[in-house]
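>>> For reference, the sequence and a predicted model appear below.
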Amino acid sequence: MRAIALLVSVFMSACAVAQPESIFEPIAWPHRDPVRLASGAPGPAYWQNRASYEISVTLGTESREVAGSLECEYEKNSPHALAFLWLPTPLLPGESLTLELEFAMTIPPRGRLGVYEGEAGEVFQLAHWFPNIAKYDDVHGWNVLPHEGDGEFYTDFGDYTIELTVPADHIVACSGELVNQDEVLTAVQRERLAQAYTTTDTVVIRDFHEIPAEPARDMKTWRFEAKDVRTVAWASSRAFRWDAAIAADDRPVLCQAFYPKEGDGTEDDPRWNAAVEYGQFSINFYSEWLSEYPYPTATNVGGVVGGMEYPQIVFCSIDRDPRSLFGVTDHEFGHMWFPMIVNTDERRHAWMDEGIDSFINHYSFSEYWGEPRRIGSADFIVEKERSETPQPIMTYPDRVRSGDLGYLAYGKPAYAFRVLREYVLGEDRFDEAFREYIRRWSFKSPQPEDFFGTMEDAAGADLGWFWRGWIYEAAKFDQGVYDIDPEPRRGNLSVTVANYERMVMPIDLAIEYTDGSSERKRVPVQAWTNGSTFAVSWPAEGRSIARVVIDPDEMLPDIDRDDNVWEARASDEDASEPEAVMD
């Protein structure tokens with residue numbers, strides 16, 4: 001056995017670039033080399049290490065601890081020797097090592113893991129429960145920033161074999177697939193599970209009335225295998241009902257729900273009885289829009305954890321109404337794509353998983369319920385930008401001001417990507433680029449610049465101004481009507497728009513004419529490259545302007561909308577003078 005001690009140090013790096021004079025100044029992307037290309041794609045020299053585990057633990061329900069052992073095979077694919085493994089000799093390119101250790105941990109009452117006190121027994125939810133080797137990459141070397149709560153995790157992919165020894169009356173849910181059904185399930189449960197693999201209708205594998213009256217004294221060992229995952233999580237309880245069905249006839253992902261009696265519902269208020277249906281919807285929606293879900297199972301566990309995601313398994317609070325349960329289920333299953341498949345650095349860049357996930361949730365929620373989920377809005381952003389000195393989205397999560405993580409890592413980036421999709425690029429162009437990002441970086445580890453570069457490369461657009469205004473900086477936005485020629489002058493009509501703040505966006509005008517006709521005009525963002533005012537002119541064709549509205553759909557986070565509307569008044573002696581009115 002070769003013992004390993006990883007270098008641990010604490011350092012913080014800058015999380016925003018210096019502000020240039022012009023927001024259009026080209027961004028000097030870091031890390032552009034044969035490992036990570038300027039296009040945002042992984043290059044021919046891209047590499048990542050791999051850590052696979054065999055773990056055996058026993059759950060102590062009385063002591064509320066897990067104890068056991070693990071064996072980790074660490075495959076080194078980096079092209080240079082790792083000198084800080086504290087071994088007799090460095091680990092060279094292409095080499096691997098196996099390390100073994102024993103460990104134990106006391107289960108905390110709540111957090112990202114914990115224990116739910118149910119009427120029929122406790123629900124044990126286990127995550128972050130075993131020692132794992134730190135990630136070594138081409139950007140930071142050893143990733144040694146400590147876990148501080150708001151900043152989550154960044155790990156390598158690997159294959160896992162998990163043995164979980166629990167009381168014999170427990171049902172266990174875990175990342176991956178159960179591989180020893182014959183040893184832990186009854187004949188009836190095996191038959192029901194087989195049926196679940198053939199139907200999209202929910203099958204109850206174990207119901208509440210089948211829970212033994214008295215706790216078991218003997219133990220059983222459940223075995224699971226999970227391939228190409230960045231970690232594993234699990235849950236165990238004698239109180240579980242277990243529901244399952246496949247996602248679709250042509251998508252045999254086993255969608256499962258494990259929950260205690262406290263989550264039971266009725267026909268009018270289904271609560272957790274609808275959890276499989278919610279999981280099916282999310283897996284199908286994101287598979288059809290983004291990329292096919294690559295794993296065999298998608299499991300939801302009800303308990304004390306409010307909402308957390310792990311490969312192939314999510315934890316959601318047992319105490320939720322249908323809309324709330326759908327919302328958190330959909331959010332956590334959206335995380336299967338970000339960061340479980342596209343393996344982003346949650347510790348430094350929370351927006352790359354939480355923000356992008358919240359963005360895709362907007363569309364899934366709208367599809368299911370027929371109305372949008374309010375995850376960020378223009379008004380919400382304006383309110384936050386007015387109320388305090390804003391921080392940029394690129395801020396490391398542990399540096400975000402208390403109470404602002406939901407805004408800075410979830411709401412604002414989610415809305416930024418809605419603006420990029422619906423206002424800047426258009427849905428088709430955005431979706432093609434977004435799917436290319438997922439395709440390029442599935443089961444790899446992109447940095448922010450890889451996302452930016454891929455979106456620009458695949459969309460065929462220079463978006464540096466957008467990344468700088470929305471992500472790198474905390475820029476504010478304010479456009480207004482500056483001047484107007486409502487009557488024809490030399491055959492043309494003209495509206496001059498001003499950009500009063502740092503952020504720039506395309507100009508969107510709604511024009512109403514005195515003859516009752518109307519039209520929309522869009523001016524590209526490049527209008528602002530040489531100044532803060534821009535005159536939009538077009539042939540009058542015998543018409544006069546009655547009303548002009550900037551950003552008529554109120555899609556943009558304009559901090560002062562009072563000057564976004566100009567309206568002619570019949571009593572005005574000189575209709576050519578601009579009159580901004582509140583609307």
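Noted; the coordinates are in hand. Here the structure is a predicted model, which is why all the values come from computation and not from measurement. Residues are numbered from 1 along each chain as shown.
>>> where does the stretch 151-300 of the chain have low pLDDT?
Counting by pLDDT under 70, not a single residue of the stretch 151-300 of the chain qualifies.
>>> the helices in it, which residues?
For the stretch 151-300 of the chain, applying DSSP state H, counting those that start in this stretch gives helices covering 181-184, 187-196, 275-289.
>>> now those helices in CSV, with mean neighbour count?
In this view, the C-beta of every residue, glycine as well, is placed from N, C-alpha and C. Below are these laid out as CSV (neighbours: other C-beta atoms under 10 Å):
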stretch, mean neighbour count
helix 181-184, 13
helix 187-196, 15
helix 275-289, 22
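>>> And the ones you listed: which comes nearest Pro42?
helix 275-289 (22.3 Å; C-beta to C-beta).
>>> So which elements touch the closest one?
Judged by 3 or more C-beta pairs under 8 Å, 6 or more residues apart in numbering; DSSP states H and E, the packing partners of helix 275-289 are strand 241-248, strand 251-259, strand 297-303, helix 322-334, helix 354-369.
>>> Dump the ones you listed to a markdown table, plus mean neighbour count and distance to Ser544.
Below are the helices and strands packed on helix 275-289 laid out as a markdown table (neighbours: other C-beta atoms under 10 Å; distance: least, C-beta to C-beta, whole Å):
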| stretch | mean neighbour count | distance to Ser544 |
| --- | --- | --- |
| strand 241-248 | 22 | 57 |
| strand 251-259 | 23 | 58 |
| strand 297-303 | 27 | 60 |
| helix 322-334 | 22 | 49 |
| helix 354-369 | 21 | 40 |
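>>> which stretches of the stretch 51-200 of the chain form strands?
In the stretch 51-200 of the chain, the strands defined using DSSP state E, counting those that start in this stretch lie at 65-75, 96-106, 114-118, 121-126, 136-137, 141-142, 158-167, 171-174, 177-178.
>>> rewinding a little: turn the helices of the stretch 151-300 of the chain into TSV, including distance to Gln312.
Output for the helices of the stretch 151-300 of the chain, formatted as TSV (distance: least, C-beta to C-beta, whole Å):
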stretch	distance to Gln312
helix 181-184	17
helix 187-196	16
helix 275-289	11
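>>> among those, which is nearest Phe153?
Among the helices of the stretch 151-300 of the chain, if distance is taken as C-beta to C-beta, the winner is helix 275-289, at 21.3 Å.
>>> Just want the angle from that closest one to strand 251-259.
Here the directions of helix 275-289 and strand 251-259 differ by 150 degrees (axes from the mean of the first three to the mean of the last three C-alpha atoms, to 10 degrees).
>>> in this structure, what secondary structure element scores lowest on mean pLDDT?
Least confident element among the helices and strands of the chain, by mean pLDDT, DSSP states H and E: helix 378-387 (a mean of 87).
>>> ok, residues contacting it?
Residues from elsewhere that reach helix 378-387 (C-beta atoms under 8 Å, 6 or more residues apart in numbering): 374, 390, 404, 407, 411-412, 415, 474, 476, 554-559.
>>> tally of neighbours for Glu25?
Other residues near Glu25 come to 12 when the count uses other C-beta atoms under 10 Å.
>>> ok but it is inside a strand, no?
No: assignment of Glu25 by DSSP: H, G, I helix; E, B strand; the rest coil gives coil, placing it outside any strand.
>>> what residues are up against it?
With C-beta under 8 Å, 6+ apart, Glu25 has these contacts: 464, 468.
>>> quick one: it from Pro539, how far?
Using C-beta to C-beta, to the nearest Å, one gets 35 Å for the distance from Glu25 to Pro539.
>>> Gly403 too?
Taken as C-beta to C-beta, the span from Gly403 to Pro539 is 52 Å.
>>> Looking at these two, which is more packed in?
Pro539 (10 against 7).
>>> rewinding a little: what's downstream of the least confident helix or strand of the chain, the next helix or strand?
In the C-terminal direction, the helix or strand that comes right after helix 378-387 (DSSP states H and E) is helix 405.
>>> What are the contacting residues of that following helix?
Residues outside helix 405 that contact it (C-beta under 8 Å, 6+ apart): 150, 350, 397.
>>> Burial check on the last one, number of neighbours?
Residues contacting Pro397 under the criterion other C-beta under 10 Å number 21.
>>> That one is in contact with Tyr407, isn't it?
No: Pro397 is beyond contact range of Tyr407, at 11.9 Å (criterion: C-beta atoms under 8 Å).
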